[in-house]
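[1] Sequence and predicted structure, then a few things I'm wondering about:
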Amino acid sequence: MEVFLASLFSVIIIFITVFFMLKVFIVAFKRNDISLRKFIMLSFSSILIGLLVALVLPFGYEKIIDFIY
């Protein structure tokens, strides 16, 4: 149960972070600070890294909880 709650809160924080990063990329694209290709690359990589971290995080928390107990 502890691992589930810790993972849930961490995933929420990760998704909020990725959401706001996407908003920053949109603003930068609209101001012509970044090109369309860079916008797509940064958006895709942010989403992919956020999902990978969110998927791997429960296993890391489980290892830490097992180590503590």
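    Happy to help now that I have it. Numbering: from 1, shown residues only.
[2] now the longest helix along the chain: how far from the chain's centre is it?
    Using DSSP state H, we find that the single longest helix of the chain is helix 36-68. The chain centre lies 5 Å from the centre of helix 36-68; the measure is Cα atoms, centre = their mean, to the nearest Å.
[3] Does anything pack onto that helix? Which helices or strands?
    Contacts defined by 3 or more Cβ pairs under 8 Å, 6 or more residues apart in numbering; DSSP states H and E place helix 36-68 against helix 2-30. Placement of C-beta: from N, CA and C, glycine included.
[4] buried ones in the helix it packs on?
    For helix 2-30, burial by neighbour count (16 or more other Cβ atoms under 10 Å) applies to Val3, Ala6, Ser7, Ser10, Val11, Ile14, Val18, Met21, Leu22, Phe25, Phe29.
[5] I'd like to know which of these is nearest to Ile65.
    Among those, Val3 lies closest to Ile65 (Cβ to Cβ), at 5.7 Å.
[6] show me what contacts the closest one?
    Neighbouring residues of Val3 by Cβ atoms under 8 Å, 6 or more residues apart in numbering: Pro58, Tyr61, Glu62, Ile65.
[7] switch to 10 Å and redo it
    By Cβ atoms under 10 Å, 6 or more residues apart in numbering, the contact set of Val3 is Leu57, Pro58, Phe59, Gly60, Tyr61, Glu62, Lys63, Ile64, Ile65, Asp66.
[8] Ser7 too?
    Ser7 touches Ala54, Leu55, Leu57, Pro58, Phe59, Gly60, Tyr61, Glu62, counting by Cβ under 10 Å, 6+ apart.
[9] which of these count as buried?
    Ala54, Leu57, Pro58, Tyr61.
[10] from memory the second one sits against Ile14, does it?
    Yes - counting by Cβ atoms under 10 Å, Ile14 is a contact partner of Leu57 at 7.8 Å.
[11] Having no further points to raise, I will conclude here.
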